[in-house]
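Asker: Generate coordinates for the sequence data below:
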Amino acid sequence: GVDLPAPESGTPVPLTAQQENFFGWMYATEELRDVGPISVAIRITDQFDVDRLARSLRVLVRRHESLRTVFTHRPGEHHAYVLPDCPPRVTVVRAAGADLAARLAEAAVRVRADREHGFDLNTGPLVRAIVVRVDEDDHVLGLAVHHLVFDGWSMGVLLRELGLVYSASRTGLPAGLPPLPIAYPDAVAWTRAQWPRTREFWRRHLDGAPNGIDPFPGRLPALRLRSASLEFRLGPADADRLRGYARDRGASMFMLAAAAWVAVLSRWSGASELVLMSPVPGRTRPEFAPLLGCLVQSLLLRLDTYADPSFDELLARVRDTALAAIDQQYYPYAEFYPRFPHAAWLRFESWGGSTHFPGLVSEPFELPRALDAEWATPDGEPDLGLPELAMQEQPDGSISGWLLWNAYAFERSTMDEITAVLVRLLRDLPERAGHRLAYLTDPDRPGPTAVTAPATPVPQVNATEAT
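Answerer: Residues are numbered from 1 along each chain as shown. The predicted model follows:
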């Protein structure tokens, strides 16, 4: 890549574990790759002042150092700097369709295009918004913040604070945002200070672990990467049974999802051991909760299905492994990830409510979960990646799920089959949790198959969050 100079004004700040790893991933190929933004789209059917939105965003950029962070690059060397100011970019366009449906369709195209548009990491801004006017009191708002300075947790904080500042501006009252309990650079420095303590745990945990699954039935030779996805849904009744089952065994829904995904991948491939990558918010200290930034931590969980355990037994293994890893979550991830570039991926997300603009009549606006991007594989080698599973608990109690995969490496029919096995396993629980995995994951066993259904839109997270 091209050398990028340090900004003339700006305070150096340490890189987070995830930022270090992102840079390694971005520059691993001759063709520069981009981890892209965390983004959300919201339809606002209320009086909406775009100028007030821009001013409110500006307030939050001044409040949060991460939103004023830019980066420099030299081969093998990356640095971050907080600028004194870095105003966000706000774009306003009018949808020109003949009727409401056509204008909403155009809004989807516009917001998606803005989300996909690149960022200048050296100068910023790394925060931007687009507002598409659909009608007089009908707008679609798209927010995109580059993943190098933001994570999924941050989007919830940003929307809450944006609603407070915007509403206060309408009334002339103070926004009432308390001072941040810790500066973002100090939080990052604290996480890095844990690395000497945790490094040995991860060495022991991952020593000798497999770096992927090869062969993996159905995977085709592919020298390019392009994300595709399908979605499925577990209704509230099925989801409630799973919650009760996990709770009775002292496990979280993330642990249950991890056990199910490991069971399916193991049975599909014949591999008895794998490494599963999954992010956690990285907000273990109360003062970290209101911070915006790329503070997410990525856990590399070494899991196995030796001796064909029952699902109960596998869940216990996952629980013990996950608890130990969570306790050691602040570690130099970039030192370990290169050994496991083809780890299985799982993201389990739980939001407290439907995505909206606080204080205004609004609702989620659906966008595809996968980003529209394509890259070469590193070193011109075939892609040995696995399908990724993402699941999210919805406000109505249901669970939405997505399978994401490299469209060049897998046929859609293969993903349909894998999804069918996963959904049937989850619907079998807890009644058949004592059965061995060979039975629960048998694709030829008669039973219900996966049912795809529209899922509630969620903040769009690039698949590379897990890298």
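Asker: now the strands: where do they sit in the stretch 201-350 of the chain?
Answerer: 224-234, 273-280, 297-304, 344-350 (DSSP state E, counting those that start in this stretch).
Asker: In JSON lines: those, plus mean pLDDT and mean neighbour count.
Answerer: The way it works is simple: take the backbone N, C-alpha and C, and place the C-beta from them, glycine included. JSON lines is the format used below for these (pLDDT from 0 to 100; neighbours: other C-beta atoms under 10 Å):
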{"stretch": "strand 224-234", "mean pLDDT": "94", "mean neighbour count": "19"}
{"stretch": "strand 273-280", "mean pLDDT": "97", "mean neighbour count": "21"}
{"stretch": "strand 297-304", "mean pLDDT": "98", "mean neighbour count": "22"}
{"stretch": "strand 344-350", "mean pLDDT": "93", "mean neighbour count": "21"}
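Asker: Among those strands, which comes closest to Val59?
Answerer: strand 344-350 (27.4 Å; C-beta to C-beta).
Asker: Tell me which strands the closest one pairs with, and in which orientation.
Answerer: Sheet pairing of strand 344-350 (DSSP bridges) gives strand 273-280 (parallel), strand 388-393 (parallel).
Asker: And the strands of the stretch 201-350 of the chain: which comes nearest Ser252?
Answerer: Here strand 344-350 is closest among the strands of the stretch 201-350 of the chain (C-beta to C-beta), at 8.3 Å.
Asker: export the closest one as PDB, just CAs?
Answerer: Presented in PDB, the C-alpha positions along strand 344-350 are these (Å, rounded to 0.1, in the frame of the first residue of the first chain):
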ATOM      1  CA  ALA A 344     -15.200 -21.300  11.900                       C
ATOM      2  CA  TRP A 345     -17.100 -18.100  12.700                       C
ATOM      3  CA  LEU A 346     -20.100 -17.400  15.000                       C
ATOM      4  CA  ARG A 347     -21.700 -14.100  16.000                       C
ATOM      5  CA  PHE A 348     -24.500 -14.200  18.500                       C
ATOM      6  CA  GLU A 349     -26.200 -10.800  19.000                       C
ATOM      7  CA  SER A 350     -28.900  -9.700  21.400                       C
END
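Asker: residues touching His139, list them.
Answerer: Arg43, Ile44, Phe48, Val50, Val131, Val132, Arg133 (C-beta atoms under 8 Å, 6 or more residues apart in numbering).
Asker: same thing but at 7 Å, please
Answerer: Listed by C-beta atoms under 7 Å, 6 or more residues apart in numbering, the contact set of His139 reads Ile44, Phe48, Val131, Val132, Arg133.
Asker: now those: which count as buried?
Answerer: Among the contacts of His139, those buried by neighbour count (16 or more other C-beta atoms under 10 Å) are Ile44, Phe48, Val131, Val132, Arg133.
Asker: Secondary structure and pLDDT added to those residues, as a markdown table?
Answerer: Below are the buried ones among the contacts of His139 laid out as a markdown table (DSSP: H, G, I helix; E, B strand; the rest coil; pLDDT from 0 to 100):
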| residue | secondary structure | pLDDT |
| --- | --- | --- |
| Ile44 | strand | 98 |
| Phe48 | coil | 97 |
| Val131 | strand | 98 |
| Val132 | strand | 98 |
| Arg133 | strand | 98 |
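Asker: Asp49 and Tyr331: what is the separation?
Answerer: 45 Å (C-beta to C-beta, to the nearest Å).
Asker: ok, the two, which is more surrounded?
Answerer: Tyr331 (27 against 12; other C-beta atoms under 10 Å).
Asker: Quick check: phi and psi at that one.
Answerer: Main-chain dihedrals, Tyr331, degrees, to the nearest 10: phi -150, psi 160.
Asker: Listing request: residues of the protein with sub-threshold pLDDT.
Answerer: For the chain, residues meeting the criterion pLDDT under 70 lie at 1-5, 8, 351-353, 445-467.
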